[in-house]
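Trainee: quick check, what structure comes out for this input:
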Amino acid sequence: MFKRSPRREREHQQHIKHILDVAESIFAEQGFFQTTMRQIAVKAEFALGTIYSHFGSKKQLYGKVVGTKVDELVAFVTREMADAPSVQGQVEKFIQAKMAFLDRNLHFLRLYLAEVDVPRLDINNILPKKVREKYDSMLCVLTDVVWRGIQKGLFKPMDARVIVKTVDGLTNALVLSRLKSAEAHLSLEADMRDVTELFLHGAVVHQKATQNPDTRKEPNNES
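Mentor: Modelled structure (predicted):
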């Protein structure tokens with residue numbers, strides 16, 4: 001079996017990374033259907049045959065682009081969560097790490113969350129099943145954390161899966177909004193604090209119960 005020298009292997013990996021970076025930017029800008037392998041080859045400055053030799057089809061290339069980023073995201077978030085000693089701390093780390101990673105990889109976020117035209121593209125037929133499973137594994141880690149919090153009485157007795165889906169969707173939506181130039185000035189740190197505050201404490205200001213004047217019981221004047 002042919003084995004590359006260490007130098008050639010480094011060059012090979014650099015070429016792969018360059019192709020993936022170029023493909024990510026074009027897929028994110030144009031979407032899956034509008035992108036062609038020839039466009040990727042031209043921008044990456046490789047022969048079209050070279051692109052096909054590394055990735056057999058556009059579908060495989062798309063799956064590799066998204067899969068690589070998902071691997072990086074999951075590794076980063078779970079590593080950050082592991083460093084937190086408390087349940088609340090792990091939830092905060094999930095929110096902070098995920099939003100920070102997505103903010104640094106907005107092309108990937110658009111590609112994975114915003115550019116899928118659902119009526120035309122069944123994402124499960126484009127992305128390898130293991131990509132979604134990898135992402136779900138990260139959510140399972142958070143689900144276990146939330147469940148422990150419920151068992152300890154730290155969180156309300158709700159379905160941990162629903163809570164996690166809510167946090168996941170909210171973090172995605174807030175970072176996705178940063179793709180719009182009109183909202184690019186918003187503070188990522190402030191968004192992180194708000195999501196954490198909403199999760200841990202809610203949005204309602206708890207005040208001492210006061211009786212609504214309109215609902216007070218009328219005195220009984222009957223004789």
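Trainee: strands along the chain, start to end?
Mentor: With DSSP state E, there are no strands along the chain.
Trainee: residue nearest the middle of it, spatially speaking?
Mentor: Most central in the chain under CA atoms, centre = their mean is Asn172, positioned 5.5 Å from the mean C-alpha point.
Trainee: distance of it relative to Phe32?
Mentor: Going from Asn172 to Phe32 by CB to CB, to the nearest Å gives 19 Å. C-beta coordinates here come from the backbone N, C-alpha and C atoms, glycine included.
Trainee: what about Met99, how many neighbours?
Mentor: Around Met99 there are 23 other residues, counting by other CB atoms under 10 Å.
Trainee: pull the contacting residues for it.
Mentor: Thr171, Leu174, Val175, Leu188, Asp191, Met192, Val195 (CB atoms under 8 Å, 6 or more residues apart in numbering).
Trainee: ok, now Val141?
Mentor: Taking CB under 8 Å, 6+ apart, one finds Val77, Thr78, Met81, Phe94 in contact with Val141.
Trainee: spatially, which two of these are the most separated?
Mentor: Distance extremes for the contacts of Val141: the farthest pair is Thr78 and Phe94 at 8.9 Å, using CB to CB.
Trainee: neighbour count winner among these two?
Mentor: Between Thr78 and Phe94, counting by other CB under 10 Å, Phe94 is the more crowded of the two (28 against 17).
Trainee: would you check that that one makes contact with Phe76?
Mentor: No - using CB atoms under 8 Å, Phe94 is not in contact with Phe76; the gap is 10.8 Å.
Trainee: identify the contacts common to these two.
Mentor: Joint contacts of Phe94 and Phe76 (CB under 8 Å, 6+ apart) do not exist.
Trainee: let's test this: name the helix or strand in this structure with the lowest mean pLDDT.
Mentor: helix 123-126 (a mean of 57; mean pLDDT, DSSP states H and E).
Trainee: quick one on the thing from earlier: any idea of the pLDDT on the residue nearest to the centre of the chain?
Mentor: Confidence at Asn172, expressed as pLDDT, is 84.
Trainee: for Glu197, same thing?
Mentor: For Glu197, pLDDT reads 83.
Trainee: any figure for the gap between it and Val146?
Mentor: In terms of CB to CB, Glu197 sits 16 Å off from Val146.
Trainee: same thing with Ala47?
Mentor: Distance from Ala47 to Val146, by CB to CB: 50 Å.
Trainee: who has more neighbours out of those two?
Mentor: Neighbours per residue (other CB under 10 Å) separate Ala47 from Val146, with Val146 holding more: 25 against 11.
Trainee: quick check: the more buried one touching Lys165?
Mentor: No - Val146 is beyond contact range of Lys165, at 10.8 Å (criterion: CB under 8 Å).
Trainee: any regions of this protein where pLDDT drops low?
Mentor: Within the chain, the ranges that satisfy pLDDT under 70 run 1-4, 112-127, 179-186, 203-223.
Trainee: redo that, cut-off 50
Mentor: Applying pLDDT under 50 to the chain flags residues 1, 114-121, 182, 209-210, 215-219, 222-223.
Trainee: quick one: contacts for Val22?
Mentor: Contact analysis of Val22 by CB under 8 Å, 6+ apart lists Ile40, Lys43, Ala44.
Trainee: out of those residues, which sit inside helices?
Mentor: Applying DSSP state H to the contacts of Val22, the entries found in helices are Ile40, Lys43, Ala44.
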